[in-house]
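Participant: just to be clear, the model below is a prediction. Sequence and coordinates:
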Amino acid sequence: MDTVLPLLEAVSTDRHTCRVIAARRPARETETSVRRSPGRPPVPPERIVATALRIVDDEGADALSMRTLAQGLDSGTATLYRHFANRAELVAQVVDHIFGEVELDADELTAMSWQQACRTVAHTMFDVLSRHRNVAPLLVEQVPIGPNAMVLRERCIAFLLDGGFPPDLAARSYATLARHVLGFAIQLKGPGATGGPDGAQLSSAFHGLDPALFPATVTVADSLPVPLEDEFAFGLDLILAGLGQLREGSFPSSGPVSG
C-alpha cells in the first residue's frame with residue numbers, strides 16, 4: 001500500500017500536467033495563427049488612382065503622398081507598393097487617368113481641318129483640367145507617357161502631319177499647344193480664373209487710375225481684366241495663326257522636343 005500510493009499520486013500529477021498542457025495548447029496555436037495571418041487585403045489599382053485623384057481635387061497636388069493615400073484608403077503603404085514602386089509611378093497613373101477623360105471622336109477630328117482639330121483638342125483638354133483644377137502641377141512633374149496620353153499625342157501629331165506639317169514642325173506644334181493648355185490650366189485657381197469679386201475689384205482699380213499717369217490703361221479699362229478663358233482662346237487662335245504661317249514656309253530644327 002505504501003508503494004501504491006506514491007504511484008497513484010504520480011499518475012494524478014501527470015494527468016493534471018497533461019490537462020494543463022492540453023488547455024494551453026490552443027492558446028499557443030491561436031497566437032501562432034495571429035502572427036502568421038496575412039496582411040491587409042489588396043486594393044485594386046483603379047481604386048487607388050481614384051482615391052489619389054480625389055485627394056488632389058480636394059486638398060491639392062502637394063497633399064498627395066503615399067502615407068496620406070494609404071490613410072484615405074484605410075490601408076497601409078505596403079498595400080500601395082504592391083502596385084506602385086514610388087509616388088512618381090502613382091502620379092503617372094493619376095495623370096494618365098485625366099488624359100483618359102479627354103473624350104474625342106476620331107471620325108469627327110478626321111473630317112476637320114488641322115486648325116479645327118487642334119482647337120477642339122486644346123479646348124477639350126482645358127475643359128477636363130478645369131474640372132480638376134489642382135491636377136495641373138502634377139503634369140509639370142513629368143512628361144506624360146501613359147497609354148491615354150500616348151493615344152492623344154498620336155492623334156494630334158497625325159492630323160498635323162496629314163495637314164501638311166513636316167515632322168519637325170508637327171512635333172514642335174503639338175508641344176507648343178500642350179504647353180499652352182498646361183500654362184493656363186495652372187492658373188485656373190488664380191484670381192483671374194473667373195469673373196468673380198477679384199475681377200470686379202480689378203476692373204474698379206483700372207477705372208480709378210489717373211489718366212495723366214496711365215492714359216493707355218485707362219483707355220482699355222472697359223476691357224480689363226480679361227477672363228482667363230478668353231485669354232486662353234485668344235492665345236490659342238494666335239498660336240494656330242502662327243503655325244499656319246510656319247507651315248507655308250521653312251522651320252529650322254534646333255534640337256529634340258518634349259511634351
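Facilitator: Great, that's in hand.
Participant: low pLDDT regions in the stretch 101-250 of the chain?
Facilitator: Low-confidence segments of the stretch 101-250 of the chain, defined by pLDDT under 70, span residues 190-197, 250.
Participant: what about the helices in it?
Facilitator: With DSSP state H, counting those that start in this stretch, the ranges of helices along the stretch 101-250 of the chain come out as 106-111, 114-131, 136-141, 147-162, 167-186, 197-207, 215-219, 228-248.
Participant: output the contacting helices and strands for the second one.
Facilitator: Contact partners of helix 114-131 among helices and strands, from 3 or more Cβ pairs under 8 Å, 6 or more residues apart in numbering; DSSP states H and E: helix 106-111, helix 147-162, helix 167-186, helix 228-248. Any C-beta I mention is one placed from the backbone N, CA and C, and that applies to glycine too.
Participant: looking at those helices, which is buried most?
Facilitator: Mean neighbour count (mean count of other Cβ atoms under 10 Å) peaks for helix 167-186 among those, with a mean of 19.
Participant: and the angle for that helix with helix 147-162?
Facilitator: For helix 167-186 against helix 147-162, the angle by axes from the mean of the first three to the mean of the last three Cα atoms, to 10 degrees is 130 degrees.
Participant: of all the helices and strands packed on helix 114-131, which lies closest to V49?
Facilitator: Distance to V49, taken as Cβ to Cβ, is lowest for helix 147-162 among the helices and strands packed on helix 114-131, at 11.9 Å.
Participant: sorry, back to before: as JSON lines, the helices of the stretch 101-250 of the chain with distance to V56 would be great.
Facilitator: Putting the helices of the stretch 101-250 of the chain into JSON lines (distance: least, Cβ to Cβ, whole Å) gives the following:
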{"stretch": "helix 106-111", "distance to V56": "29"}
{"stretch": "helix 114-131", "distance to V56": "12"}
{"stretch": "helix 136-141", "distance to V56": "7"}
{"stretch": "helix 147-162", "distance to V56": "17"}
{"stretch": "helix 167-186", "distance to V56": "13"}
{"stretch": "helix 197-207", "distance to V56": "24"}
{"stretch": "helix 215-219", "distance to V56": "37"}
{"stretch": "helix 228-248", "distance to V56": "20"}
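Participant: quick one: contacts for A63?
Facilitator: 55-56 (Cβ atoms under 8 Å, 6 or more residues apart in numbering).
Participant: next one: it relative to A88, how far apart?
Facilitator: Distance, A63 to A88, by Cβ to Cβ, to the nearest Å: 16 Å.
Participant: care to break this protein down by domain?
Facilitator: 45-85, 102-192+227-248, 195-226 (automatic domain parsing).
Participant: can you lay out the ones you listed as JSON lines showing distance to Q93?
Facilitator: Converted to JSON lines, the domains of the chain look like this (distance: least, Cβ to Cβ, whole Å):
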{"stretch": "domain 45-85", "distance to Q93": "5"}
{"stretch": "domain 102-192+227-248", "distance to Q93": "7"}
{"stretch": "domain 195-226", "distance to Q93": "33"}
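Participant: what's the spacing between E89 and L109?
Facilitator: The value you get for E89 to L109, if Cβ to Cβ is used, is 31 Å.
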